[in-house]
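# Below: sequence and its predicted model.
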Amino acid sequence: MLFFYWMIGIMPLDQHPFWGREIIGSLTIVKALGIICLLIAVTKMMSARSSPSFFQTPQSRWYVAFLILQCSSYFVQLGHLESGMMAYSHVFSIAALFVAAMTLIDTPVRFNHTLLVAMAAAGFASLYTIRQQQKYGDLYGFRPGGMMGDANEYALIVGLWMPLAFMWVLSKRPMWERVLCCACLAATLFGTTYSASRGGFLGLTIAFLYLIFRSQNRIRNLIIVASLFVPLLVYSSSSVVTRFKNPSYGDQLAEEARRVTWKAGLRMMKAHPLVGVGLHNFKPLVLGYELPGERVISLAHNTYIELGAELGVIAIPIFVGMFLAAFFSLERVRKQAEFLKSAHLGSVALGLQAGIVSYLISAFFVSAWWQKMLWMHLITTLLLQQFTAVRVRAKRRQLALQDMPLEDRIDEPVCSQPNP
């Protein structure tokens, strides 16, 4: 598992001068670790002569449908196939991550460690964002994005894990886990403040409001969240509040560019509703769908519009369906946690739910379906569902055994004398 934890830990460091650099060709250290983890997973499946339940949960079946749609896009490319090869590398690396994670995370202990490593990775990536703010914060219009290179993508990814870190801090867990999550929460809090992503801020705000509303100690959690967020938002000159109140000229240009690309994306969907223009072809073809006088060459800055334009309209409900299935599976886990009398299990499920809420809202303002930390978050939801189902079945058998008459308990000896 060391290689797997190592891979998760450096996932948010795409542009790191060491962890993100290319070793051979386009092979980076993260990709090399991914290959190693996949080989270990395949070897483990072959030696055990069995495979994990890859398609047991609804969200995993939605993912397979999305994967098939992405792969089929290869045969309907409207030119510019070379520009899409990077996108297909993301597609296959996400599939490899799915197989490796489902195979290697085979115990609740490893599952907990994976969550802790993912939160630590978000916190570690935030340190680079904070450092960039310290070095270049005085530059006009500068917004740090850490080693992800983009402030909006950074805010979207850490927004997946901040609610979970918050709930973990308040859980009755070992002190070292709570201290680690507290440090990660502090780092991501400062990092998201400096990144000043309006879409990320909106998603994170609604996620924490959802978390507070669904938690048992609403007043306490509201006070804690307000005491953490409000001072930084009000007194920081680099916060998102400043961008809302006094948008710069660059902010206004960005808003106009988004309106142009969104409308162009909708025209793409109207022109190619069934199969789209091909994966990763939005940017190369966007000029052909803009009105005279408009000249914006960029991504859609909207995950849903970009997927609908590239893969067809059907891609939007399939993509959203994955996360809705994960959300409702976590709701079942919360109810099962009450049956198991496990407050921490319920807190983990609620934190993961809030992360999904944050992403689904933030994705309206940035194109980022390919981020591995996003898919790692989705994978943890189906693993949590499977581990919880095992615990529920075990407890039900235990309760049934307790209610069963002594002479009917076939799994226990009725007398101490051995059989003749």
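It's in.
# mind checking the longest helix of this structure?
Looking across the chain with DSSP state H, the single longest helix is helix 372-403.
# now for it, which elements pack on it?
Here helix 372-403 touches helix 58-72, helix 81-104, helix 108-136, helix 151-170, helix 315-340, helix 343-362, going by 3 or more Cβ pairs under 8 Å, 6 or more residues apart in numbering; DSSP states H and E. (Each C-beta comes from the backbone N, C-alpha and C, glycine too.)
# try 10 Å
Counting by 3 or more Cβ pairs under 10 Å, 6 or more residues apart in numbering; DSSP states H and E, the packing neighbours recorded for helix 372-403 are helix 2-9, helix 58-72, helix 81-104, helix 108-136, helix 151-170, helix 315-340, helix 343-362.
# so what's residue 198 closest to, chain neighbours aside?
residue 240 (5.5 Å; Cβ to Cβ, 6 or more residues apart in numbering).
# And residue 372, by the same measure?
Nearest non-adjacent residue to residue 372, counting by Cβ to Cβ, 6+ apart: residue 11, 4.9 Å away.
# Grab the CA positions of stretch 8-28 and hand them over as PDB.
The C-alpha trace of stretch 8-28 is given here as PDB (Å, rounded to 0.1, in the frame of the first residue of the first chain):
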ATOM      1  CA  ILE A   8      -2.600   9.700  -3.600                       C
ATOM      2  CA  GLY A   9      -0.300  12.000  -1.700                       C
ATOM      3  CA  ILE A  10       1.200  13.700  -4.800                       C
ATOM      4  CA  MET A  11      -1.900  13.600  -7.000                       C
ATOM      5  CA  PRO A  12      -2.600  17.400  -6.600                       C
ATOM      6  CA  LEU A  13       1.000  18.300  -7.600                       C
ATOM      7  CA  ASP A  14       0.600  18.100 -11.300                       C
ATOM      8  CA  GLN A  15       3.100  21.000 -12.000                       C
ATOM      9  CA  HIS A  16       5.500  20.300  -9.200                       C
ATOM     10  CA  PRO A  17       9.100  20.600 -10.500                       C
ATOM     11  CA  PHE A  18      10.000  17.200  -9.100                       C
ATOM     12  CA  TRP A  19       6.800  15.100  -8.600                       C
ATOM     13  CA  GLY A  20       5.200  16.400 -11.800                       C
ATOM     14  CA  ARG A  21       8.200  16.300 -14.100                       C
ATOM     15  CA  GLU A  22       8.400  13.900 -17.000                       C
ATOM     16  CA  ILE A  23      10.800  10.900 -16.500                       C
ATOM     17  CA  ILE A  24      10.600   9.200 -19.900                       C
ATOM     18  CA  GLY A  25       8.600  10.900 -22.600                       C
ATOM     19  CA  SER A  26       5.300  12.000 -21.000                       C
ATOM     20  CA  LEU A  27       5.700   9.500 -18.100                       C
ATOM     21  CA  THR A  28       5.700  11.400 -14.800                       C
END
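# from the middle of its chain, how far away would it be?
On the basis of Cα atoms, centre = their mean, to the nearest Å, stretch 8-28 sits 19 Å off its chain's mean C-alpha point.
# Flag every buried residue along it.
For stretch 8-28, the neighbour count (16 or more other Cβ atoms under 10 Å) marks 8-14, 16, 19-20, 28 as buried.
# repeat for stretch 312-331
For stretch 312-331, by 16+ other Cβ under 10 Å, it's 312-316, 318-327, 329-330.
# cool, and stretch 172-186?
For stretch 172-186, using 16+ other Cβ under 10 Å, the buried residues are 173, 177-178, 180-185.
# Give me the neighbour count for the residue nearest to residue 198.
Neighbourhood size, residue 240 [other Cβ atoms under 10 Å]: 24.
# distance of it from residue 200?
Look at residue 240 and residue 200: by Cβ to Cβ, to the nearest Å, they are 8 Å apart.
# shared neighbours of those two, anything?
Counting by Cβ atoms under 10 Å, 6 or more residues apart in numbering, the residues touching both residue 240 and residue 200 are 155, 192.
# residue ranges with poor pLDDT in this structure?
Residues of the chain that meet the criterion pLDDT under 70 lie in 49-51, 76-85, 137-138, 140-141, 234-239, 241, 249, 403-420.
# I'd say residue 180 and residue 122 touch.
No: when contacts are counted by Cβ atoms under 10 Å, residue 180 is not listed as touching residue 122 (11.7 Å).
# Quick one: neighbours of residue 111, just the number.
For residue 111, the neighbour count with other Cβ under 10 Å is 18.
# which residue ranges form the helices in the stretch 151-300 of the chain?
Applying DSSP state H, counting those that start in this stretch to the stretch 151-300 of the chain gives helices spanning 151-170, 175-195, 198-214, 218-235, 240-245, 249-271, 282-285.
# any chance of these in JSON lines, plus distance to residue 381?
Shown next, in JSON lines, are the helices of the stretch 151-300 of the chain (distance: least, Cβ to Cβ, whole Å):
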{"stretch": "helix 151-170", "distance to residue 381": "11"}
{"stretch": "helix 175-195", "distance to residue 381": "19"}
{"stretch": "helix 198-214", "distance to residue 381": "15"}
{"stretch": "helix 218-235", "distance to residue 381": "22"}
{"stretch": "helix 240-245", "distance to residue 381": "28"}
{"stretch": "helix 249-271", "distance to residue 381": "28"}
{"stretch": "helix 282-285", "distance to residue 381": "28"}
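# With respect to burial, which of the ones you listed scores highest?
A comparison of the helices of the stretch 151-300 of the chain by mean neighbour count, using mean count of other Cβ atoms under 10 Å, puts helix 151-170 on top with a mean of 27.
# That one vs helix 249-271, what angle?
For helix 151-170 against helix 249-271, the angle by axes from the mean of the first three to the mean of the last three Cα atoms, to 10 degrees is 100 degrees.
# Look up how far residue 161 lies from the residue most central in space within the chain.
Nearest residue to the geometric centre of the chain (Cα atoms, centre = their mean): residue 374, 2.4 Å. Per Cβ to Cβ, residue 374 is found 10 Å from residue 161.
# where do the contact lists of those two overlap?
residue 355.
# hang on, the earlier thing: any idea which of the helices and strands packed on helix 372-403 gets closest to residue 379?
Set against residue 379 and scored by Cβ to Cβ, these come closest in helix 81-104, at 4.7 Å.
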